Structure formats: C-alpha cells, structure tokens
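Peer 1: here's a sequence, model it:
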Amino acid sequence: SNIIKQLKRVVNDVNTFTDGEQCVDFIQTIANNKVCMIVSDELGQHIVPHVHHMSQVDTISIFCNNQEWHKQWIKEWPKIKGVFTDITSTCEALKQTAHQYEQNAISISFVATNTKLDQLDPSFMYTQILKEILLTINFEDKHIREFITYCREVFVENEYELQNIEKLERDYHD
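Peer 2: Prediction:
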C-alpha cells in the first residue's frame, strides 16, 4: 500500500500485523535491533500494556482519527511518543527517531596529542585499521556488481532504495 511505501522511505524493515499476539511473538524474536511501533488506536490500547516493558520496543506511535481521546491513557506509557492523525506526521516522527539511532550509533573517540598510540583502546584501533583497509581496497567491477545484486535482494520491496541502487549502478566509477 501507499502507507507502507512511505514508511519504507524512512526505515528499511516494515512488518505489519493485524493480530496482537503475532506482533508480540515477532518482537520477542528480535535480538539486536530496536522496534518503533505504529499501532492503531484500537489495537494500541490492547497491545501497549503487553509490549511497553520489552527492551526491544523503543518508541510507540498511535495512528488514529482523534488525538484528544487518547491524551489521557497514553500518559501512563512513556514509550508512546505521539498520537498522529496522518501518515506524513507519523513518518516525520519516525524519521527523527531513525536519525537519533544513527547519531547514537556513531562512535567518536578523542585522543590527546601526548597519548601513546600503542596504548589506545583496542576497539578504537581496530576501527581505524578497518577504515584504512576499506578505503585502500581497489574493488573490481565484479565486486560492485555483487554488492548491487545483494542490495537489490535486501531492498526488493523498497522502491525508494531501489532508485538509489539504480543511481549507484549508473553513476559509480572508481
């Protein structure tokens, strides 16, 4: 649907559920990611009490027709970040959450000028070495083609990302 396409422009992985139990079961299988839930007002009142305590659930958005009606009960649940009546504002809030994830995932290290480089934190050193290796590798055309094929498989249902992949394939040169 058009709503799913709009959501996939913001996040790559969109899963839809009409059954609350299936949704809860799915969330329990997630190990290393965070979940941003968008639930209808009707489903929200039933599912929020079951998922709010889960560490995988980071934010919950309520999608409904009447914001006023929800203002009271959502105060009990801090993970509910908003009640939205249109998909544009929902996507905008999701964009901000995704951006916050990206900011939190960026690792920054400060090194004093008098620090001995052989005594730095190993994870920092490994990151620097990996970055240096990736920047100096001369990829062959076959590697780029394999990467593009892989990306197409991963983003097969995401029209926005498929357009970016097309652009990469068309415009990328060593």
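Peer 1: helices and strands of this structure: which one has the lowest mean pLDDT?
Peer 2: Between all helices and strands in the chain, the lowest mean by mean pLDDT, DSSP states H and E belongs to helix 67-70, at a mean of 70.
Peer 1: give the other helices and strands that the very next helix or strand once past that one contacts.
Peer 2: Per DSSP states H and E, the first helix or strand lying C-terminal to helix 67-70 is strand 80-84. Strand 80-84 makes packing contacts with strand 57-63, helix 67-70, helix 87-105 when contacts are defined by 3 or more C-beta pairs under 8 Å, 6 or more residues apart in numbering; DSSP states H and E. In this view, the C-beta of every residue, glycine as well, is placed from N, C-alpha and C.
Peer 1: can you tell me which of the ones you listed is packed in deepest?
Peer 2: For these, the largest average neighbour count (mean count of other C-beta atoms under 10 Å) is found in strand 57-63, namely a mean of 20.
Peer 1: in the protein, where is pLDDT below threshold?
Peer 2: Within the chain, the segments meeting pLDDT under 70 span 1, 69-70, 102-121, 173-174.
Peer 1: Three-state assignment for Val156, please.
Peer 2: Assigned with DSSP: H, G, I helix; E, B strand; the rest coil, Val156 falls in the coil class.
Peer 1: what is the neighbour count of Ile129?
Peer 2: Ile129 sits with 10 neighbouring residues when counted by other C-beta atoms under 10 Å.
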